[in-house]
Structure formats: structure tokens, C-alpha cells
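In: just coords:
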């Protein structure tokens, strides 16, 4: 098992290397002079020349890539073209709201979606099942910003229960923090809930047909205990896997949700950076999100080995 | 990372196989295909006949008739520049469908090619799959955003960007199918008989990948339409002067409290279309690809 | 049911009551000392001499002070200056600083700071450039006295020092003012009533200003940029909201206190809310502009510019921009602010009457236009520029231009419009902006109406007849002579199309009922604004 952990951790290195290479070469995939691309439309020829020199375009690609990676490992992601601030600083300023939003959404989604899926599987074929499945397909079909606007309209504007926008730092208190994040996390959670609920239902259906469940049922074990103790435990691995992989949806959705709810996080930074073609910022954010994504999935893989004794590699 | 294809191969339990009795019977047994297919046909009809259906030029400005509520004259109302939302929504159907279908088709073709190569050419496999793993580690919307930031906004670039973001998933899927098929006795037999690899691919492998790829392509089509809307909505997609659903919603967002219909109609059309494609995908998966439904 | 009663009754609903989803009690007092303001745009850079965007100027007016400041009658009144005197020949200006002026770093404001600041400003400002051209010397006589010796009298000196059009003559510490005027400053230290809290600045999201305890307001009552700038709050937070819908909802919900530019379509809804006050922001209004680049294709050709004027419907622009309420806008076949003494429609005939698309097409053909792309820079995050841009794209297409619509944000527009490159190499053909009516009352403050080529505003029109008229206005002995000069200016500007005005319009501002002291004016004045 230990060897597996080591192997699994090591396996993420080539993945991250590919991500880094891809993000780095984005600039060079673009048609035209990379210095002009990074300098943006509004740069003067002198700016372009300065950037060309700082990029060191005369040196081999791999050398430059190596340097870039080295700088990033040392916490230097370059400087924003637009604000002239270091990208690392800009990310630091904005990481907390995004992280908060994603963590809260994760908790919310899992605690709604898993019971939903379990109940749907248990009541397989009934109207409850159909409702859950219907919701799940719908969750995939309605864009997150539409959900966001509807929620804001109903719960913030009409009912005035929750704020429409903004973010309060966690250090200001748990409740103000929570208050600002509830609507965005519900909006963002939609797709994610749909995904997890579907997987939970499918896995649970499979597990519920297994012999040991039948045995347990025959023995007269209570339904709740069968569902949550026996079946869900055994269905956990695929569910957790999907939770990890679904993070990609969450990250993509955060970009939109933050601009709907005016949350000053990385998502809005990304949106601003696109309109301004602020390349170093885009690179930094993409790299960071991908890193988080890989890391989360690594952790989940490693957790299996602890949770599920059957998994031996 | 050895992750199963994420996009949305949402597995479900297979309904027991039932005897088919004609086309109608088939649809009755597969209500999701029927509903999804019917909705999609309506949308396709809109796409094809849009120029006959719309009441005015969808890009024509009429500031004197701005923000009119939906009425007999303006079925879906007008936006803040007096453009007819109904006509724009119909035009938007064309953009959305074009993007959805193009991305599904292109990413399937490219993914199929990569997956086949990777499944058959041993030395390429490791390299290609590492690259695909890396690309899969970048959340697709983010990847599409990054690609869009490099180029000028245009429908063509949106299609390319989303396609690139979807390719790794298709490749992985195809490779998985190829690898499992290679273990099949009949493929072994064919190899033993000295059949050439292209022939094996053509006769034995390709037909077997078509079903899972069709299902996958349907889901990709649905997610591509959502992605296009998101990209346009945040200003990184179709240029604002082309009325795509995302753009119409982006323009109406400032007025969502007072003139909700500007956002409402494109949102409903988008949701229905994506729903239709998703339902079709679910139905196709149950009908075509029992293996995929079982495998997680 | 508002949120507070909801939270009190929250037990009924379980969740919210359970979690106690309300602001902690201690925050209430602090709340009244913090003013949350939604500005018209993001404060992406913060050098009021280098950048001429209104949002930069508005923030800078908190942090930096000026020697003189306009009052509400557009008369310059002493602000940092105790007073100024001019020699009988009109050539030597002596300006004395009032006592007690301090920069935010604690140092005293000296005459040398003023000299450095005015030197940097005069390199960028159009009135400043005129002064620089006739400058003999600008020196600090002693710690508190500045002497500006000119070769020619410049009667509008105090207007130059106190005007609110950009760039304003802000006074910075010498070391900062020594920055190259074409490079951005990197330190934001001023002597204004509020400090800039730099470590809380998140471009794209917020900017924070804290009360400067060392500020000594003047004795006089405040009026626009003049008089005592008494700050009634300790902290001003600028919260950037690119989405007007969100800003409107936040204001109605009491999450923000003051919104600088609500879009007109949302005003009826705001007016219905009894906790919100809505009023015209500035009776002098705004002038929308279609700014053409006289250096590049196709608008380096006069015929192409006239083609636009012939087909341009100001009504279309104004309706797209402010809506159906005709009290809020009017057509403007001239350059100057309607209702002010120098307003004239002289020469504006091409903008009047039914729009003539055929004439426009003919003019375009005569211009020899060969279908090259017309690069339109359209900021999507400003409702004013976005609406104008969409009307323009449609207009230009109908005339027969090959429109290249570049969707971008206002910050980038500010940078890109400074490029003189040809189209296709980062250059541009046109962009939209707007000017506060207060900045369009005469050629001294109205830099955009000037046509002195390289030194003119973006677009760099070069029209000698306009400049001759400007000189005549500066030298005009009385109002009638001024009016005559402006009529000639208007005619030359219209005939040669310095730029195309898209109309005159009023804008709203909106604030919470518990905020008092908000005044009408060309920029938000924070002094005297309090909150309960």
C-alpha cells in the first residue's frame, strides 16, 4: 500500500508537467508574435521589445519553459500586464472567496445529492425516483447564471432573506461569511448535485442487487441500516471518485457564479483578465485551478486505500 | 490520473431488454429517446426554417421601440436596442446548434483517431495518454476560456476551443474500448489469421466504438451548448454582435429585474435544447450501449 | 418582510434563525462610519495625471487636493491656496499656500511640491500645455509661495488650476510628481481629505479610502471642489460592480449606500423603493461622443467622417442609451453643453433633419473607401459605451463600412485609444466616450473639442480653423466676442468633423435614504455626505 501511495503521488508529476507545458505554450500556439500577444493590443513597440527581451525569445523553448517553471515553483508567476501587480499577489488577494465558495458548495452538494441518490435508488421506479432523475437531467441543462439570477431575484430581492452580492471575509465572522455565500453555492451546486445524485443512484441500485444486501434484508436488518450502513459504504468509492472529478464542473461554474454575485474571487479575476487579454493572469489562474484539481483527485485516490480494504494495488 | 471519462457518461441501470415491435413500439419502450428526439426535431426545425420564422432581421436596431414587453407584435418583447427578442432567439438556435453539433462531431473524429492510435500503437500510448491526462486536469471551461483569450471571438474559434477541451475525454473512452476489444477472442483470431491492422480496426474495432462514441457525442453536444452560452455570457465567446443565446442573455442581464423576459426566453430555449440532447443521450445509452451503462 | 425581521422571525424557518444569519451587533456602529459606493467603473490604475478617465479623477479628488477648486457656479475658489495675485501686466502669478497642509505621509506641503506637480500636470493637460508654452519660469519662492512667470498674460489661470475636467491640477509630493508624466506614478500619497488604503486595493473589485486625520478643511461651506471638505465618514469603500442589475439589487437591499450611475431602465424600480433616493446626477448632463481617429483609415478622410454625420441618428443613440423618457435627452447638433452661455448649433446642419443614408453612402464612395476594416473599440462594461457601440456597429454597416467590432472593457479602451498605430497593428478607427456637460462649457476645459493634431485628445484631429477660433476665444474681451468665437469653432468643428456628438443626456444617481448630503454635480462629492 505504501508503495502504491508513492507511485500514485509520483504519477501526478508528469500530469502537472503536461499541464504546465500546455499552459506555457498557450502563448506560442497563438498566431503571431508571443511578445505582441503578451503585450496586448495596446502596447507600444517599445513595450513589445521590452517584453520580447524579458521573455528571452532568442533562447530555446525548453530553456525558457524550465525557467518559467522554476519561477513558479519559487512563487513568481509573472506580472499582470494590466495592473502591473505580480500575479501571485493578485491571486492571493482573491483566493479566499473562491475557496470559500467551492468548499461550501462541495459540502452543500454532497449533503443534498447523496441522500437524494440513495432515496431514489431505494424507491426505484416510483415517482420519487423519477423526480430525482428529472431534477438531475434538469441540473445539467440549465446554465448556472440563470439559476443564479432566479435565486437572487426570489431570495434576495423579493424576500430579502439573503444578500444579493458580495463577499464577507471569514475573519469577519462565520455568519456574515455564510450569508453571502448561500445563494451562490446553491446556484453553483446545481450541476454538481445532479451529477452526484445520478452516480449515487446508479451505484446504489447496483449494490442493492448484491447478495449480501439480500441476505441482510432476509435477516431482518432495518432498511435504514441496510441503506446507509451496508449499501452506501460499498457504493462510496465510485461516488467519491465522481465528487473529485466533478470538481472540474465546480471550477468552471465558479467563474460564472462569481460574476453574477459580484464575488471578488479568482473567477472574476479570470473574466476581467480575458477582456483585457491579461495573459500572465490567465496562465496563473489556469495553472492554479488545474493544480488544485489534480491535488484533490490525488487525495481522493489515496483515501480509497484507507477506506476500502478491498482496493489493493 | 486514472479517472473515468467525466463529461457525462452518467451511468444508469439498464432496463431489461424488451422485444421491439416497430418504430412506435421502440419509442414507447424508450420514452427518453422519444421525448428528447421530438424536442430536438422541433429545435432543428427552428434552425432550418429560422429565416422564414423570424419576424424581423434579428440584428436590426429600432431604438424607438426598445424594451417592449412581450405582445402580439413582439412575441418575446424587444431588448434595450429595440431588437426583436423572438427573432434573435431563433437566430441563437442556429449558433447554439452549430456549436453543439460541430463540437460533438469534431471532437468525436479527433478523439476517435487519437484513441485508436493510442490503443494500437504501443509506443505512442504512454505519451499520448499522459498528454490527455494533463489536458483533462485543466477544467474544460477554463481551458476553453484560455484558448478564447488567445484569439478573436468568433463562432469558429469557439468551436475549436470547446473541441480541444473535449478531445481528451473521447480519446480516453475510445482507447478503453479498443484495449478491451483487443482482448476479445475474435480479435485474437483475426490477428492470428494475419489480418492487417487497418482491416482489424475497420472490421472489428470501429463498429464497436461507434455506440459508446455516439452516446458520448450526444453528451458533448449538450455540454458544448452550455459552454458556448457561458463563454458568451462572460464575454469570451461569440462576438457580441452575433445574437447567440449566451449573448442575448449577457445583454439582458443588466435588466434582469425589470425586463426578465430578455434573459428568460433564451434561457428557456437553451435549457430545453440541452435537456432534449441529454435525454436523447440517456436514451441512446440505455438502448445502444449496455456495456457503457454497466461500466462506471 | 425585510431581512432583519426575517432573521428575528427566522426561528420559524429554522435554517437562517438557527445560524443567526445577521451582522454582528458591533458592526452596526462601524457601519454608519463606512460609506459603500459603487463607482461608474473599475479603478484599474490610479494616476490622475497620466489617466484621464473620470473614474480615476473622481477617486483622485479624495486623495489629492488642488490649489483652486470649482464651486457649483464653475467659479474657481481657493482650496490649498490661501490666495493668488497677479501682476498688473498679467505676467507674474504669485500663489501662496494656506497653513496646515499635510501629505498623508505626515510631511508638510511645500511650494516645491506644487512646482513639481504643476510641471508634471502641465505636460499632460491642454490648458497646462498652453501655460507651458508661454512659461518663463515656475519656481518656489519660499516654503509656501510659488511664482509662475509667463511671457503672455493668461487670464484663465485660476480656471486651469481649479477646473474639474481631466487631468485636474492635483498637488503631489515632489518625489512622486517627478515621475515622467507619461509613466504611471507608483505611490498614492496626497494631501486630500482621504488616504488611499493601498493594501486593500483590489483592481477589478474594490478600492478603499480612509479619513486622513491630519486634513484641515477650509472654513467656508463646501461647494463642489471648493470650501471645507469635511468628511463625515471614516471610510469609503468603492465596490466595483460591472453588472448594473446586481448593483441595483444591492442598493435596494441596503448592501451599498450610493450608486453613481444607475442605468435609466432600472430607475423606475429604484424609485418605487422607499429606502432609496434617486435624482439627476448633474443637471449639466453628459455629451455622448463618437470619437474618430483622424490618423488612420477610414476616418483620416473628411468625406468618410461626414458620411457618418449624415446618417448618424442622435435619437437612436439617445434612446438606446437613456430610453424613452424624452425629458432625459435631446439631440445635440453642436459641441457645447446646452443651457450654458456658449451653446450654439452653428454649422450643425448635417446632424439635423431626417437622416440621409444615401448621402452617407455617396460621401463614403467619394472618400475612396476600399473596404478596409473599421476597428471599433467598444467597452462592454460601461452601459454608455456599450449601447452607443451597438448602435454604431449597425450604423456603420448600413453605410457600407466593414465593421471590426472589438469588444473590450473600459480600462483597456483607456489604454488602447492612446495608440497611434495604423489599424491592424493595434490601432483603432473609433471609440465611444462621453463628457460631463460641466467639461464642455468652453474650450479651456473642453479638451475633446480641440483640434491641435498631436496634442489634441484621442483621435488627434488637426483642424486649423478650430484652433484659430480657440485662440480667439481665449483672447475674447467679452461674452459676445466669446460667443462669436465659439460659433466659428462649432462650425469648423462640425464641417471638419472633429468628432461626432451622439446627443445630450442626463444621468441619475441613487443612494439610500439614510445617506444625506449627496449633491448634484459632475463628479461625486463625498465631503459633507453622512450616513445614519
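Out: Structure's in. What do you need? A quick note: this is a predicted structure, and the numbers were derived from the prediction, not measured.

In: so, low pLDDT: which residues of the chain?
Out: No chain was given, so I picked chain A. A:1, A:29-48, A:50-52, A:54-58, A:307-313 (pLDDT under 70).

In: not what I meant, chain C
Out: For chain C, applying pLDDT under 70 flags the ranges C:1-30.

In: hmm, 50 instead?
Out: Scanning chain C for pLDDT under 50 picks out the ranges C:1-28.

In: please parse it into its domains.
Out: Listed domain ranges for chain C are C:66-177, C:287-316+C:325-504 (source: automatic domain parsing).

In: for whichever residue of the stretch 301-450 of chain C sits closest to chain B, give me its contacts.
Out: Residue nearest to chain B within the stretch 301-450 of chain C (C-beta to the nearest C-beta): residue C:319, separated by 3.6 Å. Yep, even glycine has a C-beta here, placed from its N, CA and C like the rest. Contact partners of residue C:319, counting by C-beta atoms under 8 Å, 6 or more residues apart in numbering or on different chains, are B:63, B:64, B:66, B:82, C:329.

In: separation between it and chain A?
Out: Applying C-beta to the nearest C-beta, to the nearest Å, the value for residue C:319 to chain A is 26 Å.

In: could you say which helix or strand holds residue 118?
Out: No chain in the question, so chain A it is. Secondary structure from DSSP states H and E places residue A:118 in helix A:87-122.

In: meant chain B actually
Out: Using DSSP H and E, residue B:118 maps to helix B:85-120.

In: if we can go back for a sec, residue C:329 versus the residue of the stretch 301-450 of chain C closest to chain B, what's the distance?
Out: Per C-beta to C-beta, to the nearest Å, residue C:319 is found 8 Å from residue C:329.

In: one more: residue C:511?
Out: To residue C:329, residue C:511 is 23 Å away according to C-beta to C-beta.

In: just to revisit the earlier point, orientation of the helix or strand following the helix holding residue B:118 relative to helix B:85-120 in degrees?
Out: Next along the chain after helix B:85-120, taking DSSP H and E as the criterion, comes helix B:122-136. Going by axes from the mean of the first three to the mean of the last three C-alpha atoms, to 10 degrees, helix B:122-136 is angled at 150 degrees with respect to helix B:85-120.

In: roughly how far does the residue in chain A positioned nearest to chain B sit from residue A:160?
Out: Relative to chain B, the nearest point of chain A is residue A:18 (2.5 Å; C-beta to the nearest C-beta). When distance is defined by C-beta to C-beta, residue A:18 is 49 Å away from residue A:160.

In: with neighbour numbers in mind, choose between these two.
Out: residue A:18 (21 against 18; other C-beta atoms under 10 Å in any protein chain shown).

In: the more buried one: what secondary structure?
Out: Secondary structure, DSSP: H, G, I helix; E, B strand; the rest coil: residue A:18 is helix.

In: which residues does residue 82 contact?
Out: Using chain A here. Residue A:82 is in contact with A:40, A:273, A:276, A:278, A:281, C:44, C:203, C:411, C:412, counting by C-beta under 8 Å, 6+ apart.

In: actually, chain B is the one I wanted.
Out: B:61, B:62, B:63, B:64, B:65, B:66, B:68, C:319, C:320.

In: ok, now how distant is the first one from residue B:256?
Out: Which is residue B:61. Residue B:61 is 21 Å from residue B:256, by C-beta to C-beta.

In: which one's more surrounded, those two?
Out: residue B:256 (28 against 22).

In: wait, the more buried one touches residue A:150, no?
Out: No - with contact defined as C-beta atoms under 8 Å, residue B:256 and residue A:150 do not form a contacting pair (9.1 Å).

In: do you know how far the closest residue to residue C:520 other than its chain neighbours is from residue C:43?
Out: Spatially, and ignoring its direct neighbours in sequence, residue C:520 is nearest to residue C:282 (5.5 Å; C-beta to C-beta, 6 or more residues apart in numbering or on different chains). Here residue C:282 is placed at a distance of 20 Å from residue C:43 (C-beta to C-beta).

In: ok, the two, which is more surrounded?
Out: Using other C-beta under 10 Å as the criterion, residue C:282 and residue C:43 rank with residue C:43 on top: 24 against 20.
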